[in-house]
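In: The sequence isn't on hand, but the structure is:
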């Protein structure tokens, strides 16, 4: 019976790790967030290779980002770079490191769910952790919200089995080193531990956390900024108390944004997760006892949504930290569904019906729910790979085939790779072989602020650069002329306002990869890969790599 057995930790870890390896590996998971590239991959590239793009958040004038988080990943990158000159290999090794941390924290979380709530909920949670497209995306993303997901996966697991000191330290780590706003979902955890352990002990753990985490962070940031910076505090002040726009400058979304994203990333399990408290209440009305602290353990998810859904600026990555609780709540709901089904069947079937027969029916019902979840999850994951893998294909071809890892040109020859409206899909300088291959921007319909290269010299991170603002206002010093470009990466679609560069006589398309035109595709077929149906109802256009034939004449290979 499913509720009498749970797999041991080794096969669980290896299975979860396999999925994360697929997520990290070439073209299986695209870099889908420009913040991930320019706020995290680029500073990591800078610390590794001494050049890269800087955003306004890293200007000492604002100091919204900590180099402590960057240094964690840059340490891995530097280590791998000792053994390999292929920067794309370094990139994927850093991703593999993140995938390993994700699968390790997931395994710990699974073990605590089994220990506290039993094998049935544990196995259900494991299946959700394994197949959810949300974890496939988040697990290898270089984002503070992924770091918070790691820390809070440990925090909630520790809370379940009353490893309270570990829970408090993990919450502090998430808040200080990861995404500081993740603390809102830990209020139930903190209040419960305060009640059981007392204010003095929890305060002591909090002080230790500040010493162990905030202290070293400030030392690291002082080394780079050459001034005292408390990055988590700065980002809270900017996002909450800014008098001139704050996060709303970067877009606002409707109230149901997180609901739609939750359904895409967890499908029916997202609905089951939010049904957990109503199902628990129904179980109580059916005369069943409610497990101790069940409402409390489920509450962080509701707290997070109640607070975050009210914020105008929304991002999918803000959901990452709540993913482990969604998985647990959905697993918890499955056992409630099974029990409620059992109670109903006993009430409506003849007394002569064997309990074993009812158990077979309810077990088949819950297994059916899990199978539907797995199929929908695989469909969503395949859809993302098939529909949005074009940019990584193009940049990988540029690096390895066109530029031949940098050997196609002399090291003193500056080669411009230009992007216009597609600037936000650049996967980072890890996909350009050397410093003389420079990403350059063409003016496009985007009128916000673009990043610029870090200054040169040993104190580059402490220099206040010109041309940065915290209002997301366009800075004209970022752009070059088309005639200065050697290569151009673009995605062309019918109603674009920009020029169609592929029609220019001096621009030759040398590589292309299909990329979904979402506006011309059916909503269902673009969200989920459905055999035969998706191919008929999706529209793909070419993601293009073009060469300026007037400036580049490569010898035949």
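Out: Sure, I can see it. Just so we're clear, the structure is a prediction, and the values are computed from it rather than from any experiment.

In: Off-centre distance for stretch 79-94?
Out: Mean-position distance between stretch 79-94 and its chain equals 21 Å (C-alpha atoms, centre = their mean, to the nearest Å).

In: I figured residue 424 was touching residue 34, is that so?
Out: Yes. At 3.7 Å, residue 424 and residue 34 qualify as touching, with contact defined as C-beta atoms under 8 Å. The C-beta positions use only the backbone N, C-alpha and C, and glycine is treated the same way.

In: And the pLDDT for residue 340?
Out: Looking at residue 340, its pLDDT reads 86.

In: which SSE is it in?
Out: Residue 340 belongs to helix 323-348 when assigned by DSSP states H and E.

In: Mind pulling the model confidence for the residue nearest to residue 209 when sequence neighbours are not counted?
Out: Residue nearest to residue 209 in three dimensions, not counting chain neighbours: residue 172, with 3.4 Å by C-beta to C-beta, 6 or more residues apart in numbering. pLDDT, residue 172: 98.

In: What of residue 141?
Out: On the pLDDT scale, residue 141 is placed at 95.

In: looking at this, it is in a helix?
Out: No. Counting by DSSP: H, G, I helix; E, B strand; the rest coil, residue 141 is not found in a helix; it is coil.

In: what sits against the nearest residue to it once chain neighbours are set aside?
Out: Spatial nearest neighbour of residue 141, excluding adjacent residues (C-beta to C-beta, 6+ apart): residue 36 at 5.8 Å. By C-beta atoms under 8 Å, 6 or more residues apart in numbering, residue 36 lies in contact with 141, 142, 143, 317.

In: top of those residues by neighbour count?
Out: The most crowded member of the contacts of residue 36 is residue 142, carrying 25 neighbours; neighbours defined as other C-beta atoms under 10 Å.

In: For stretch 288-298, what is the distance to the chain centroid?
Out: Stretch 288-298 sits 30 Å away from the centroid of its parent chain (C-alpha atoms, centre = their mean).

In: and if you look at stretch 248-267?
Out: Distance of stretch 248-267 from the chain centroid (C-alpha atoms, centre = their mean) equals 14 Å.

In: which residues are in contact with that stretch?
Out: Defining contact as C-beta under 8 Å, 6+ apart, one finds that stretch 248-267 is touched by 128, 132-134, 137, 270-271, 273, 305, 308-310, 312-314, 316, 318-319, 323, 326-327, 330, 372-373, 376-377, 380, 448, 471-472, 527.

In: just the buried members of those residues?
Out: Buried members of these, scored by 16 or more other C-beta atoms under 10 Å, are 128, 132-134, 137, 270, 273, 305, 308, 313-314, 316, 318-319, 323, 326-327, 330, 373, 376-377, 380, 527.

In: Which ones among the residues you listed map onto strands?
Out: Among the buried ones among the contacts of stretch 248-267, DSSP state E puts none in strands.

In: mean confidence for stretch 491-502?
Out: Stretch 491-502 comes out at a mean pLDDT of 92.

In: That stretch spans what distance, first to last residue?
Out: Stretch 491-502 has an end-to-end distance of 10 Å (criterion: C-alpha to C-alpha, to the nearest Å).

In: So, low pLDDT: which residues of the stretch 1-150 of the chain?
Out: Residues of the stretch 1-150 of the chain that meet the criterion pLDDT under 70 lie in 1-4, 26-30.

In: In it, mark out all the helices, start to finish.
Out: Under the criterion DSSP state H, counting those that start in this stretch, the stretch 1-150 of the chain carries helices at the ranges 9-24, 34-36, 42-49, 67-83, 87-117, 119-131, 133-138, 144-160.

In: could I get those helices as CSV with distance to residue 515?
Out: Formatted as CSV, the helices of the stretch 1-150 of the chain follow (distance: least, C-beta to C-beta, whole Å):
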stretch, distance to residue 515
helix 9-24, 20
helix 34-36, 16
helix 42-49, 23
helix 67-83, 28
helix 87-117, 20
helix 119-131, 25
helix 133-138, 18
helix 144-160, 25
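
In: Go through those and name the closest to residue 482.
Out: Between residue 482 and those, the tightest spacing by C-beta to C-beta is seen for helix 34-36, at 22.0 Å.

In: how far is that closest one from where the chain is centred?
Out: Distance, centroid of helix 34-36 to centroid of chain: 10 Å (C-alpha atoms, centre = their mean).

In: Can you tell me the closest non-neighbouring residue to the residue nearest the centre of the chain?
Out: Per C-alpha atoms, centre = their mean, the C-alpha nearest to the average position across the chain is that of residue 138, at 3.3 Å. The shortest distance from residue 138 to any non-neighbouring residue, by C-beta to C-beta, 6+ apart, is to residue 320 (4.4 Å).

In: Surely residue 244 is in contact with residue 473?
Out: No. Using C-beta under 8 Å, residue 244 is not in contact with residue 473; the gap is 10.7 Å.

In: The two: which has the busier surroundings?
Out: With neighbours defined as other C-beta under 10 Å, residue 244 and residue 473 compare such that residue 473 has more, 11 against 7.

In: Make sure the more buried one is actually in contact with residue 450.
Out: No. The pair residue 473 / residue 450 is not scored as a contact, 10.9 Å apart, by C-beta under 8 Å.

In: can you tell me which helix or strand residue 439 belongs to?
Out: Here residue 439, judged by DSSP H and E, is contained in strand 437-441.

In: How about residues contacting that strand?
Out: Counting by C-beta under 8 Å, 6+ apart, 53, 403, 406, 409, 414-420, 423, 426, 429, 432, 450, 453, 478-480, 484-485 sit against strand 437-441.

In: What residues sit buried inside stretch 363-383?
Out: Buried, per 16+ other C-beta under 10 Å, within stretch 363-383: 363, 366, 369-370, 373-374, 376-377, 379-383.

In: try stretch 206-214
Out: Buried-residue list, stretch 206-214, by 16+ other C-beta under 10 Å: 209, 213, 214.

In: before we move on, what about stretch 478-498?
Out: Of all the residues in stretch 478-498, those buried under the rule 16+ other C-beta under 10 Å are 478, 479, 482, 485, 486, 487, 488, 489, 490, 491, 492.

In: Need the phi and psi values for residue 419.
Out: Per-residue torsions, residue 419: phi -140, psi 150 (degrees, to the nearest 10).

In: tell me, how many neighbours does it end up with?
Out: Counted with other C-beta under 10 Å, the neighbours of residue 419 add up to 21.

In: who touches it in this structure?
Out: Per C-beta under 8 Å, 6+ apart, neighbours of residue 419: 426, 439, 440, 441, 442, 488, 489, 490.

In: Show me what the second one is bridged to.
Out: It stands for residue 439. The partner list for residue 439 in beta bridges (DSSP bridges) reads residue 417.

In: Burial check on it, number of neighbours?
Out: Number of residues near residue 439 (other C-beta under 10 Å) recorded here: 21.
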